[in-house]
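Asker: Fold the following for me, if possible:
(2 chains)
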Amino acid sequence: AQSVAQPEDQVNVAEGNPLTVKCTYSVSGNPYLFWYVQYPNRGLQFLLKYITGDNLVKGSYGFEAEFNKSQTSFHLKKPSALVSDSALYFCAGATRSASKIIFGSGTRLSIRP
Amino acid sequence: SAVISQKPSRDICQRGTSLTIQCQVDSQVTMMFWYRQQPGQSLTLIATANQGSEATYESGFVIDKFPISRPNLTFSTLTVSNMSPEDSSIYLCSVSDSPYDNEQFFGPGTRLTVL
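Answerer: Next comes the predicted model:
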């Protein structure tokens, strides 16, 4: 069965420090991979996606993610965290033959001033 | 990207009643989906709303409990029927119009509380 895992329920980082939110996937073939962010009382906002090509994907708000096929990972990163980055982050994946995407369990990112 | 609105944004309902949630998109889209997000949890796909035909439900969700309509390419409704407190969740509509990458855009959600 296809799955996406986010091993950390919560990540705490000091403002200005680099941040990483981890994601691993089990999706057959060459997957589509996504990161979404959810702010309190809001819907999901798209951050970035990996389709093909360059393994390093750049997205909104200074975030980037690296696709690593050998480790089946798609970790989200940012060089310098902001307090405003505090939110719930979801990794998601899809096979190229299906219209559905599978979401990870989510990671709550907390940036302290 | 498509602009998606949902109505109502939130509601408090009594046990045993039904609530219909509307999802409106500002452009025609191929795919529309309905998700449930229980408090502090991830998103669970309820069904794919198919234009002009019955929705495709995921395991654990049935049409009698969650009837869905999609009369055209910009609008869909989800009804939560015979509600119980366990139905208290955020219900999200999403759309996809990309044949290449399955990217989905989400509405703001409907926060439902069942007493």
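Asker: what kind of secondary structure is the most centrally placed residue in chain B in?
Answerer: Centre of chain B computed as the mean C-alpha position; nearest residue by Cα atoms, centre = their mean is B:W34, 3.1 Å away. The three-state assignment at B:W34 reads strand, by DSSP: H, G, I helix; E, B strand; the rest coil.
Asker: I'd say A:A92 and A:G104 touch.
Answerer: Yes: if you go by Cβ atoms under 8 Å, A:A92 and A:G104 touch, sitting 6.7 Å apart. Bear in mind the C-beta positions are built from the backbone N, C-alpha and C, glycine included.
Asker: Can you report how many residues neighbour residue 20?
Answerer: Went with chain A since none was named. 15 (other Cβ atoms under 10 Å in any protein chain shown).
Asker: Can you look at chain B instead?
Answerer: B:T20, neighbours per other Cβ under 10 Å, totals 13.
Asker: Now it. Its backbone dihedrals?
Answerer: phi -110, psi 130 (degrees, to the nearest 10).
Asker: So it sits against B:T77, correct?
Answerer: Yes: look at B:T20 against B:T77 with Cβ under 8 Å: they come within range, at 5.3 Å.
Asker: rewinding a little: anything in contact with each of A:A92 and A:G104?
Answerer: Jointly contacting A:A92 and A:G104 under the rule Cβ atoms under 8 Å, 6 or more residues apart in numbering or on different chains are A:V4.
Asker: So between these two, which is more surrounded?
Answerer: A:A92 (28 against 25).
Asker: confidence score at that one?
Answerer: If you check A:A92, the pLDDT there is 94.
Asker: Specify the beta-bridge partners of it.
Answerer: Under the criterion DSSP bridges, A:A92 forms beta bridges with A:F34, A:F103.
Asker: Might you report the residue contacts of it?
Answerer: A:4, A:33-36, A:101-104.
Asker: what's the closest of these to A:E64?
Answerer: Closest approach to A:E64 among the contacts of A:A92 (Cβ to Cβ): A:W35, at 9.6 Å.
Asker: can I assume that closest one is in contact with A:Q45?
Answerer: No: using Cβ under 8 Å as the test, A:W35 is too far from A:Q45 to be in contact (9.9 Å).
Asker: higher neighbour count, these two?
Answerer: A:W35 (26 against 16).
Asker: Distance of the residue nearest to the more buried one when sequence neighbours are not counted relative to chain B?
Answerer: Distances taken as Cβ to Cβ, 6 or more residues apart in numbering or on different chains place A:L47 nearest to A:W35, at 4.3 Å, with adjacent residues excluded. If you measure A:L47 against chain B using Cβ to the nearest Cβ, to the nearest Å, the figure is 11 Å.
Asker: Per-residue pLDDT of A:L47, please?
Answerer: 94.
Asker: B:K7 - how many residues pack around it?
Answerer: 14.
Asker: Can you name the residues bridging to it?
Answerer: B:Q22.
Asker: Now for it: which residues touch it?
Answerer: B:21-22, B:24, B:110.
Asker: Those residues into JSON lines, with extra columns for neighbour count and pLDDT?
Answerer: Listed next are those as JSON lines, based on neighbours: other Cβ atoms under 10 Å in any protein chain shown; pLDDT from 0 to 100:
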{"residue": "B:I21", "neighbour count": "23", "pLDDT": "98"}
{"residue": "B:Q22", "neighbour count": "16", "pLDDT": "98"}
{"residue": "B:Q24", "neighbour count": "15", "pLDDT": "97"}
{"residue": "B:T110", "neighbour count": "23", "pLDDT": "96"}
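Asker: Understood, closing this out.
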